[in-house]
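Trainee: The sequence and its predicted three-dimensional model are supplied below.
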Amino acid sequence: QEMLNNPVVAIVDVHGIGGQQIQSMRAGLRGTANLKMTKNNLILLALEQAAETKPELAGLKDSVYGQCAVVSTGINPFKLFAKLESTKTAAAAKPGELAPYDIVVPKGPTPFGPGPIIGDLQKLGLPAKIDGGKIVINKDTTLVKEGEPFPANVAAMLPKLEILPMIVGMDLRAACEDGTVYTKSVLDIPENYYRDMFATAAFNARALGVSIVYPAKETIVPLLQKAYREAFALSISAAIPTKENIEMLLAKADAQMLSIASAAGYSNDSIAARLSAAAACAPVAAAAEPAKADEPEEEEEEVEEEDS
C-alpha cells in the first residue's frame with residue numbers, strides 16, 4: 001500500500017548493515033521516508049501487485065537481489081540518494097570481505113606502546129620497530145590489494161591501527177518516480193553539477209554570440225564595446241581625426257616626426273632638446289615595463305577569485 005501512496009519507491013542495498021545500525025538509519029529517515037525489510041520473494045510479490053495499478057514499478061524488480069529493502073517516500077530520487085549517502089559511515093573490514101581499494105598502512109607512529117603486539121605487526125609483514133616509546137612503521141606497506149579478500153588476522157588488526165576501510169550504509173540501487181526508473185549511475189552526481197553545467201553553457205553561448213556578432217540582450221553591451229574599440233583602433237591606424245582620438249593622433253605624429261628627424265640627421269635646438277629628453281626617459285620606461293606586465297595578471301587573478 002505504501003508503494004501506491006508515495007510518489008517515489010526505491011530499492012536499497014542493506015548488505016553488511018547490522019540490526020542496530022538499521023534501526024538508527026530507520027529513525028533518521030522517519031518523517032521523510034518509510035523503510036521496509038522482508039524476504040526478496042515477498043518484495044517481488046509486492047512489486048507485482050503494485051504494478052497492476054502503477055505499471056512502472058515493475059522496472060524495480062531487476063534490482064531485487066541479495067540483501068535489500070524497500071523505501072517509499074515523497075522526496076525526489078536525487079534528494080533521497082543524497083540523504084542515504086549521508087547515512088554512510090566507515091566500518092571495520094570482516095574476514096573474507098573484498099578490499100574496496102589498496103589497504104596501505106602508512107609510515108609513522110602507531111597507537112601502540114612497546115609490547116608483544118610488535119610481533120603481531122611483523123607477522124603481517126609490517127616493518128615495525130620501537131622508537132621514542134612508540135611502535136613505528138618504517139615505510140608505507142600494502143597489506144591487501146584492491147579486490148582481494150581480507151585475511152582474518154589483517155581484519156582483526158586494522159581497527160587497532162585505526163584503519164576502517166569499509167563504508168556501511170544503505171546504497172540506493174534504483175528509484176521509480178512518475179513512470180521513470182532512475183539507477184544509481186544517474187542519481188550519483190555532484191550536488192551543483194547541473195547548476196555549474198548551465199552556468200558554463202550560458203558563458204560559452206555568450207562568448208559565441210560575441211564572436212559571431214549575434215545581437216541579443218546578453219551580447220549587445222560587449223558587442224558595442226568591441227565595436228567601439230575596433231573603430232577607435234581603425235581611426236588611429238587610418239589617421240582619421242575625431243574628438244576622441246585627436247590627442248593620440250597628434251602624439252603619434254609628433255613621435256613619427258622626431259623619429260624621421262633623428263634618422264635624417266636634421267636637428268635644431270627644439271628637436272635636439274626633445275630627443276635628449278626622450279633618450280633620458282627610455283631607461284625609466286624600460287624599468288617600468290615589467291611592473292606593467294604584471295598588472296594584467298593581478299587583474300586576471302582578481303577576476304578568477306570573483307568568479308569562484
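Mentor: Yep, it's here. Here the structure is a predicted model, which is why all the values come from computation and not from measurement.

Trainee: From here on, just use CA atoms for contacts and neighbour counts.
Mentor: OK.

Trainee: which residue sits closest to L57, ignoring its sequence neighbours?
Mentor: Counting by Cα to Cα, 6 or more residues apart in numbering, L57 lies nearest to A51, which is 5.3 Å off, once chain neighbours are set aside.

Trainee: Return the set of buried residues in stretch 167-186.
Mentor: Residues of stretch 167-186 classed as buried by neighbour count (16 or more other Cα atoms under 10 Å): 168-177, 181-183.

Trainee: Strands - which of these land there?
Mentor: The strands, defined by DSSP state E, take in V168, D171, L172, R173, A174, A175, C176, E177, V181, Y182, T183 from the buried residues of stretch 167-186.

Trainee: wait, doesn't the fourth one sit right on V14?
Mentor: Pointing back at R173 there. No: in this structure, R173 is not within contact of V14 by Cα atoms under 8 Å, at 10.3 Å.

Trainee: Let me know the pLDDT of E289.
Mentor: E289 is assigned 52 on the pLDDT scale.

Trainee: repeat for the one 4 residues further on
Mentor: We have a pLDDT of 48 for A293.

Trainee: Ok, the one 5 residues further on next?
Mentor: At E298, the model reports a pLDDT of 45.

Trainee: Tell me which two of the ones in strands among the buried residues of stretch 167-186 sit farthest apart.
Mentor: V168 and E177 (26.0 Å; Cα to Cα).

Trainee: returning to what we had before: distance check, the residue nearest to L57 against G59.
Mentor: For A51, the distance to G59 equals 9 Å [Cα to Cα, to the nearest Å].

Trainee: do I167 as well
Mentor: Taken as Cα to Cα, the span from I167 to G59 is 27 Å.

Trainee: can you pull out the helices in this protein?
Mentor: Listed in chain order, the helices of the chain (DSSP state H) span 2-5, 19-29, 40-51, 77-86, 117-123, 152-157, 184-187, 193-211, 220-237, 246-264, 269-307.

Trainee: angle of the second one against helix 77-86?
Mentor: Here helix 19-29 points in a direction 140 degrees away from that of helix 77-86 (axes from the mean of the first three to the mean of the last three Cα atoms, to 10 degrees).

Trainee: To V104, which of the helices of the chain lies closest?
Mentor: Of all those, helix 152-157 sits nearest to V104, with 11.5 Å by Cα to Cα.

Trainee: Now do that closest one, average pLDDT.
Mentor: On average, the pLDDT along helix 152-157 is 92.

Trainee: Show me what A33 is bridged to.
Mentor: T73 (DSSP bridges).

Trainee: how far away is it from L84?
Mentor: Distance of A33 to L84, given as Cα to Cα: 11 Å.

Trainee: before we move on, back to that, lowest pLDDT pick from the ones in strands among the buried residues of stretch 167-186?
Mentor: V168 (80).

Trainee: mind checking the backbone torsions on I212?
Mentor: Note on I212: backbone dihedrals following degrees, to the nearest 10 are phi -100, psi 10.
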